[in-house]
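Undergrad: what's the 3D shape of this:
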Amino acid sequence: APLCDAVVGTAGTSKIIDVLQRENLFVVPLDHNRQWFRYHHLFAQVLRGQLTRTEPALVPGLHERASAWHRASGLADEAITHALAAGDHAGAIAMITRHHHQYVGSGRIATVRRWLGLLGDDQIAESPLAAHCAMWAAALSGDQASVRRWLPAVQAAKGDGPLPDGMLSFEFSAAVLKSSFGFDGIGPMRAAGARAAALETDPRSPWYALAHGAFGLALYFCGEFELSAQQLRNTRMGSTRLAQIRLQALSAMTLLAVEAGTIGQAEEHARAALDLVADPGQGLGAAPQGSLAYIASGAVHAARGRLQQARHDLEHALQIRRRWPGIGPWPTVETLLRLAPVLADLGDRAGASTLLGEARQVITSLPDGAGAQLARLERLERQFTARSRTVTPAEPLTEREMEVLRLLRGTLSLRGIARELYVSPNTVKTHTQAIYRKLGVSDRQDAVAKARELGLV
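TA: Next up, the predicted model:
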């Protein structure tokens with residue numbers, strides 16, 4: 001009723017609605033408090049058509065009033081839709097820019113793209129703010145063609161002061177987007193990340209965490225783990241309400257902890273990332289960014305020697321990434337390079353080789369700055385080649401001894417391995433001694449090295 005009063009410019013609408021509902025005149029309540037009602041869509045269409053034919057000059061003004069009421073009531077979607085219907089492109093663009101990341105962050109990117117579709121390409125081309133929103137919506141949807149269309153407009157835009165969504169400038173928007181997705185390679189991704197982090201130095205900014213988190217992830221892909229960890233410590237995740245930014249930082253910190261061998265810490269980060277994806281209020285369950293949590297979890301399981309769990313999470317991450325083929329390529333490469341050795345350890349060497357071939361195709365197509373990724377790939381390829389020339393020890397290892405051997409590669413103690421296999425520590429100790437004897441070694445490190453040399457793992 002208050003909305004109707006505002007649009008019509010009168011009072012007493014609530015009494016009219018009561019009569020319409022009581023007489024069953026196609027009005028249906030939408031809530032228990034009987035505040036919101038829906039009119040039958042066919043009759044609504046007839047009435048709108050009649051209004052447009054009989055008093056067309058009134059229509060834009062009515063939409064303007066509806067937009068103002070929705071804006072004052074905090075209903076951004078309806079306010080933007082009515083502003084566009086009223087032809088108020090400037091007002092709609094300002095509202096889209098203010099709210100687009102909030103909608104994207106809660107999984108409603110389709111709504112943002114609908115707004116931009118109603119705005120139209122000509123209006124977007126005339127407005128750097130609209131191009132800024134269109135560029136981000138396209139990147140987060142895996143639409144690289146649209147990213148490349150709107151990115152130059154954002155880079156060429158002039159203007160001082162923050163944008164309506166709080167981003168520092170158009171230059172910052174372009175830099176942090178290129179750093180977040182790496183469409184042109186890891187080298188440009190790293191350079192853009194450095195620029196974005198240099199521009200945004202205020203930890204109170206909602207985009208500080210995005211800039212430093214994206215730069216940290218780019219540094220991780222470059223193999224610069226220490227600098228990556230430093231950037232990720234600076235993200236101040238608590239300062240941002242956007243779950244996608246927290247997810248990115250948590251996943252990157254998980255991978256760094258796995259590389260450092262601090263698996264307990266890695267598990268904490270991975271669990272927090274999975275909790276974000278599992279929270280329906282965050283809207284990340286079906287988003288491509290949700291794959292980061294499963295990459296992190298899979299890396300932890302692999303480090304613990306839990307191969308089946310690692311395979312499950314990494315394959316799930318890969319399925320998500322493949323549903324969005326245009327999304328940034330480097331988390332996909334990370335998944336391929338972590339899943340391949342897991343499949344090989346489980347006996348699926350053909351599947352592992354296929355994944356490495358896919359990773360090589362991406363890396364060689366975007367070679368700028370991909371040296372660390374290429375080195376990882378070639379190391380795995382050498383290991384797989386060695387496995388194809390497997391030399392069986394004089395006395396073969398049993399299936400249980402092979403399970404223990406795989407876990408010896410990780411950081412678990414013998415007692416931890418016992419818990420993982422649900423056996424006693426003495427049993428694991430017996431298996432370990434048998435492994436050492438059969439491989440002709442005297443300690444854990446040499447056993448793992450010998451097993452790799454023989455192609456056993």
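Undergrad: and the helix or strand Val258 falls within, C-alpha only, in CSV?
TA: Under the criterion of DSSP states H and E, Val258 resides in helix 243-260. Output of helix 243-260 as CSV, limited to C-alpha atoms (Å, rounded to 0.1, in the frame of the first residue of the first chain):
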residue,chain,number,x,y,z
ALA,A,243,32.6,-13.9,1.0
GLN,A,244,34.4,-14.4,-2.4
ILE,A,245,37.3,-12.3,-1.2
ARG,A,246,37.6,-14.2,2.1
LEU,A,247,37.4,-17.5,0.1
GLN,A,248,40.2,-16.5,-2.3
ALA,A,249,42.5,-15.6,0.6
LEU,A,250,41.7,-18.7,2.7
SER,A,251,42.3,-21.0,-0.3
ALA,A,252,45.6,-19.4,-1.2
MET,A,253,46.7,-19.6,2.5
THR,A,254,45.8,-23.3,2.5
LEU,A,255,48.0,-24.0,-0.5
LEU,A,256,50.9,-22.1,1.0
ALA,A,257,50.6,-24.0,4.2
VAL,A,258,50.6,-27.3,2.3
GLU,A,259,53.8,-26.2,0.5
ALA,A,260,55.3,-25.2,3.9
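Undergrad: can you tell me which residues contact Ser353?
TA: 340, 384 (C-beta atoms under 8 Å, 6 or more residues apart in numbering). Where C-beta positions appear, they are placed from N, C-alpha and C, glycine not excepted.
Undergrad: now the residue nearest the centre of the chain, nearest residue through space, not along the chain?
TA: For the chain, Gln289 is the residue whose C-alpha lies nearest the centre (C-alpha atoms, centre = their mean; 1.6 Å). Nearest non-adjacent residue to Gln289, counting by C-beta to C-beta, 6 or more residues apart in numbering: Gln244, 5.0 Å away.
Undergrad: Please enumerate the helices of the stretch 351-457 of the chain.
TA: Secondary structure of the stretch 351-457 of the chain by DSSP state H, counting those that start in this stretch: the helices cover 371-388, 399-408, 414-421, 425-439, 444-454.
Undergrad: one step back: from the chain's centre, how far out does the helix holding Val258 sit?
TA: 11 Å (C-alpha atoms, centre = their mean, to the nearest Å).
Undergrad: Next: stretch 413-425.
TA: With C-alpha atoms, centre = their mean, you get 35 Å for stretch 413-425.
Undergrad: returning to what we had before: and the residue nearest to Gln289, how many neighbours does it have?
TA: 25 (other C-beta atoms under 10 Å).
Undergrad: Secondary structure of Gly213: a helix, I assume?
TA: Yes - checked against DSSP: H, G, I helix; E, B strand; the rest coil, Gly213 lies within a helix.
Undergrad: Tell me who's in contact with it.
TA: By C-beta under 8 Å, 6+ apart, the neighbours of Gly213 are 231-232, 235, 237, 245, 248-249, 252.
Undergrad: What's the per-residue pLDDT of the residue nearest to the centre of the chain here?
TA: pLDDT, Gln289: 86.
Undergrad: From Trp324, how far out is it?
TA: 9 Å (C-beta to C-beta, to the nearest Å).
Undergrad: One more: Val404?
TA: 39 Å.
Undergrad: what do you get for Gly455?
TA: 36 Å.
Undergrad: Could you do Glu23 as well?
TA: 50 Å.
Undergrad: And the two? Which one has more around it.
TA: Trp324 (17 against 9).
Undergrad: give me every residue that touches that one.
TA: Here Trp324 is in contact with 141-142, 288 (criterion: C-beta under 8 Å, 6+ apart).
Undergrad: 10 Å - rerun?
TA: By C-beta atoms under 10 Å, 6 or more residues apart in numbering, the residues touching Trp324 are 140-143, 287-289, 291, 332.
Undergrad: If you rank these by neighbours, which is first?
TA: Result: Ser291 is most packed of these (other C-beta under 10 Å), 29 neighbours.
Undergrad: could you list every residue that touches Ala359?
TA: Here Ala359 is in contact with 329, 332-337, 339-340, 373-374, 376-377, 380-381 (criterion: C-beta under 10 Å, 6+ apart).
Undergrad: can we see that at 6 Å?
TA: Ala359 sits next to 333, 336-337, 377 when contact means C-beta atoms under 6 Å, 6 or more residues apart in numbering.
Undergrad: Dump those residues into CSV; add pLDDT as well.
TA: Formatted as CSV, these follow (pLDDT from 0 to 100):
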residue, pLDDT
Val333, 97
Leu336, 98
Leu337, 97
Leu377, 96
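Undergrad: re earlier: may I ask which two of the contacts of Trp324 are separated the most?
TA: Asp143 and Ser291 (17.4 Å; C-beta to C-beta).
Undergrad: and of the contacts of Trp324, the nearest to Gly357?
TA: Nearest to Gly357 among those, with distances taken as C-beta to C-beta, is Thr332, at 13.6 Å.
Undergrad: Run a quick check on that closest one versus Arg321, I expect a contact.
TA: Yes - counting by C-beta atoms under 6 Å, Thr332 touches Arg321, with 4.5 Å between them.
Undergrad: Between those two, which contacts overlap?
TA: With C-beta under 6 Å, 6+ apart, Thr332 and Arg321 have no common neighbours.
Undergrad: sorry, back to before: show me the contacts of Trp324 that map onto helices.
TA: 140-141, 291, 332 (DSSP state H).
Undergrad: so how far is His63 from the nearest residue to Ala66 once chain neighbours are set aside?
TA: The shortest distance from Ala66 to any non-neighbouring residue, by C-beta to C-beta, 6+ apart, is to His82 (4.3 Å). According to C-beta to C-beta, His82 and His63 sit 5 Å apart.
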